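# starting from these lines, generate the structure:
(4 chains)
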Protein chains: 2
Amino acid sequence: MGGPRFEPVRAVRAYERVVEQIEEAIESGALSPGERLPSERELMVQLAVGRSTVREALRVLQARGLVRSRPGDPHGAEVLPFSPAALHKSMTTLARVEQLSLGELVQFRMVLDSAAILLAARLRTEEQLAEMNKAVEAMRAAAGTEPGAADTEAFGRADVAFHDAVVAASGNKLIQICTDVVRQIVLRQISARIDAADDRQALMRRSIQHHEEVIEAIRAGDGPLAARLSRRAMYDYYAPYVKESETSALRALLE
Amino acid sequence: MGGPRFEPVRAVRAYERVVEQIEEAIESGALSPGERLPSERELMVQLAVGRSTVREALRVLQARGLVRSRPGDPHGAEVLPFSPAALHKSMTTLARVEQLSLGELVQFRMVLDSAAILLAARLRTEEQLAEMNKAVEAMRAAAGTEPGAADTEAFGRADVAFHDAVVAASGNKLIQICTDVVRQIVLRQISARIDAADDRQALMRRSIQHHEEVIEAIRAGDGPLAARLSRRAMYDYYAPYVKESETSALRALLE
DNA sequence: CTAGTGCACTGGTCTGACCAGTAGGCTACG
DNA sequence: CGTAGCCTACTGGTCAGACCAGTGCACTAG
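Numbers count the residues shown, from 1 in each chain, chains lettered A, B, ... in the order given. Next up, the predicted model:
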């Protein structure tokens, strides 16, 4: 049916070809993290293009988080280990321009986090379980015993450590990175309100209790229970900051 | 505890300031999709920097998918509507350099997709349900009745349309975009093997049946059932391509 | 009123220049 | 002989100016 379908030929700019070449070298492993690219002037000779073209290509690669260059560094641009920075950036942009609501973000975390916990309950090792316990212990320490002695920052770090241990146990790096990115976005949106809460310590204690229940379910290998508990915990923690019109969509995940 | 903690001062390059300014204008809505930036020469006057600096900034913005420029266009660079292209790019990079396995990708989709279906079962409208039915109808048409008459491409399109209808009904744009991105990555990894399968038509028929079961559960409002069915369907469809050592992690989601 | 042409301007690229900063070798001092 | 401090050859960041192919629009000729 019909003759050959022609595709529009997009003019390929020189800098794009440069980007492709270097990107391919990095992603294929020909260039490993820590290794150095030739200097811009050297690249411009090798690639037979002007320096501005080389520089535009390097800017793109830098925006993608693949390389970094420092002024004056005689060794040339450095190939970076992968970091979710670029992913974080584009998700943050997405959250702003698409007006992602806090409800959607929290919902996303409820889904991914509980999935990670479900998997962790089946696949975790004893070491990973110990890691989780250590994190909850640190949360307890940060919450303090006397009123007003809570260390919010340390509490947050311990909370992150807990979730890191869980996603590590789940064995899925993609879930790990996505939850991490979304958690940061959520936190940046509401950290001010959390800091201002006058019942912080009570919130912390409730959170710790939730974490303990989750750990117990993980230890027992009851994935569905652990997942349900974690969704409930996250709902309790974040729901106060979510618009009321959206909480019903969150509760839909609690069954 | 301790004096003021100093942070390393990173030298802020001129082009970064330019990026920030334009990015802020776009993300805050001061510049809407379709609108135009001033020309490079105009920008270089307004910002009091050289043209190369302006260009490097534009390259970064283009890499982030915020802007597009065509040679010769007298109206200047165009502000783009958000597209997950940048997200797609960084996830693809992630998949390559972090060596994300097919198993992890499929697992991720099982989690997000089933969550979307769970939500859709509770929140869907009649129109959205009709949309899903239409998509399955298209799948049936593409699969054909006579042996060998299957239209793989049309089948794929209809499948996508189905999942689009579902995530739209779920009301979570973040889930929508992430599943979409990961689906493309998965497809690119295995499309060749799917095309080569000699029992394609049988696979299609099984897939259609699965989709019908899911729709029925959605119609009945039984979210958990719909979610479980969808995980099972995806497992059946993709498991043959996943390394055997990883299928157990997938089965952990089937309970 | 329309088909065609010309022009002003665009983005893409190159060249060449200057600056501040870095690393590593060299020197001079202890 | 060891080391502190300087020197220099480079780096990346930025700017200025030039050229080209391509675009859209206004103007013109039919």
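# hey, let's count contacts and neighbours off CA atoms from now on
Fine.
# what's in contact with stretch A:173-187?
Applying Cα atoms under 8 Å, 6 or more residues apart in numbering or on different chains, the contact partners of stretch A:173-187 are A:84, A:87-88, A:91-92, A:102, A:105-106, A:109, A:112-113, A:116, A:164, A:167-168, B:100, B:104-105, B:108.
# buried sites along that stretch?
Neighbour-count burial for stretch A:173-187 flags A:173-183, A:185-186 (criterion: 16 or more other Cα atoms under 10 Å in any protein chain shown).
# quick one, helices of chain A?
A:14-27, A:40-47, A:51-63, A:85-97, A:102-123, A:126-143, A:152-170, A:173-196, A:200-220, A:223-238, A:244-251 (DSSP state H).
# so where is chain A shaky, pLDDT-wise?
A:1-10 (pLDDT under 70).
# gap between the residue nearest to A:Asp195 when sequence neighbours are not counted and B:Ala143?
Leaving aside its chain neighbours, A:Asp195 sits nearest to A:Thr152 (7.7 Å; criterion: Cα to Cα, 6 or more residues apart in numbering or on different chains). For A:Thr152, the distance to B:Ala143 equals 58 Å [Cα to Cα, to the nearest Å].
# compare these two and say which is more crowded by neighbours.
Neighbours were counted for A:Thr152 and for B:Ala143 using other Cα atoms under 10 Å in any protein chain shown; B:Ala143 has more, 25 against 17.
# and for that one, nearest residue in space, chain neighbours not counted?
B:Ala143 sits nearest to B:Ala150 (Cα to Cα, 6+ apart), 4.5 Å away.
# how near is that neighbour to A:Ala149?
Taking Cα to Cα, one finds B:Ala150 at 68 Å from A:Ala149.
# settle it for me: which of those two has more neighbours?
Between B:Ala150 and A:Ala149, counted using other Cα under 10 Å, the more crowded position is B:Ala150 (19 against 12).
# test my guess that A:Ala14 contacts A:Arg55.
No: between A:Ala14 and A:Arg55 there is no contact under Cα atoms under 8 Å: 11.4 Å.
# of these two, who's got more company?
The residue with more neighbours, out of A:Ala14 and A:Arg55, is A:Arg55; 19 against 15, by other Cα under 10 Å.
# list the contacts of that one.
Applying Cα under 8 Å, 6+ apart, the residues near A:Arg55 are A:Glu40, B:Glu56.
# against DNA strand C, how distant is it?
When Cα to the nearest atom of the strand, to the nearest Å is the yardstick, A:Arg55 and DNA strand C sit 10 Å from each other.
# repeat that for A:Thr179.
Taking Cα to the nearest atom of the strand, one finds A:Thr179 at 35 Å from DNA strand C.
# for the stretch 51-200 of chain A, which residues are neighbours of DNA strand D?
Within the stretch 51-200 of chain A, the positions near DNA strand D by Cα under 7 Å from any atom of the strand are A:Ser52, A:Arg55, A:Ser69, A:Arg70, A:Pro71, A:Gly72, A:Asp73, A:Pro74, A:His75, A:Gly76, A:Ala77.
# in the stretch 151-255 of chain A, what residue comes closest to DNA strand D?
Nearest residue of the stretch 151-255 of chain A to DNA strand D: A:Val181, at 26.1 Å (Cα to the nearest atom of the strand).
# A:Ala11 and B:Ser69, how far apart?
12 Å.
# okay, the two: which has more neighbours?
Of the pair A:Ala11 and B:Ser69, B:Ser69 is the one with more neighbours under other Cα under 10 Å, namely 17 against 8.
# tally of neighbours for the nearest residue to the more buried one once chain neighbours are set aside?
With Cα to Cα, 6+ apart as the criterion, B:Ser69 has its nearest non-adjacent residue at 4.4 Å, and that residue is B:Ala77. Each residue near B:Ala77 was counted by other Cα under 10 Å, and the total is 21.
# got the contact list for B:Ala77?
Contacts for B:Ala77 (Cα under 8 Å, 6+ apart) come out as B:Arg36, B:Leu37, B:Pro38, B:Ser39, B:Val67, B:Arg68, B:Ser69, B:Arg70.
# tell me the residues of chain A that contact DNA strand C?
Residues of chain A lying near DNA strand C (Cα under 7 Å from any atom of the strand): A:12-15, A:48-53, A:70-74.
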